[in-house]
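> Okay, predicted coordinates and the sequence, questions at the end:
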Amino acid sequence: QVQLVESGGGLVQAGGSLRVSCAASGRTFSRNAMGWFRQAPGKEREFVATISWSGGSTNYADFVKGRFTISRDNAKNTVYLQMNSLKPEDTAVYYCAASSTHYTSGMAYNYDYWGQGTQVTVSS
């Protein structure tokens, strides 16, 4: 059974940092792009960041550029999202997803597998 399990969410003050992780099991995703999305209460799920299968290419939503960094460790079948300079508007459930392709994509329909999400709350 394929599973993506996020961890590392929590409560942090504005300006602080968190690193969320996503561990995959059941199959390897070393040849697949991976992504992070988020959903805030009352809002639609939105793209945050994506990384190609090799880690050589990344893309970010404009609202996180310069603050968030996506990375991956294919040996551990794990992808990370380092979040710095957090703002209250970053409060959301953060979801990890595995793409059906090698290459980066900000479109949710390109992702076949999804985790259950981890809550990130940023207080002002």
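The structure has been received and is ready for your questions. Numbers count the residues shown, from 1 in each chain.

> Give me the residue at the spatial middle of this protein.
The structure's the chain has its C-alpha centroid closest to W36; by CA atoms, centre = their mean the separation is 2.5 Å.

> Next up, the contacts around the residue nearest to that residue when sequence neighbours are not counted.
Counting by CB to CB, 6 or more residues apart in numbering, W36 lies nearest to V48, which is 4.3 Å off, once chain neighbours are set aside. Using the backbone N, CA and C atoms, a C-beta is placed for each residue, glycine as well. V48 makes contact with G35, W36, F37, R38, Y60, A61, V64, F68, L81, Y94, according to CB atoms under 8 Å, 6 or more residues apart in numbering.

> make it 6 Å
V48 makes contact with W36, F37, R38, A61, V64, according to CB atoms under 6 Å, 6 or more residues apart in numbering.

> What count of nearby residues applies to the last one?
Meaning V64. 22 (other CB atoms under 10 Å).

> Show the pLDDT at it.
Looking at V64, its pLDDT stands at 96.

> do the same with V2
Note for V2: predicted pLDDT of 87.
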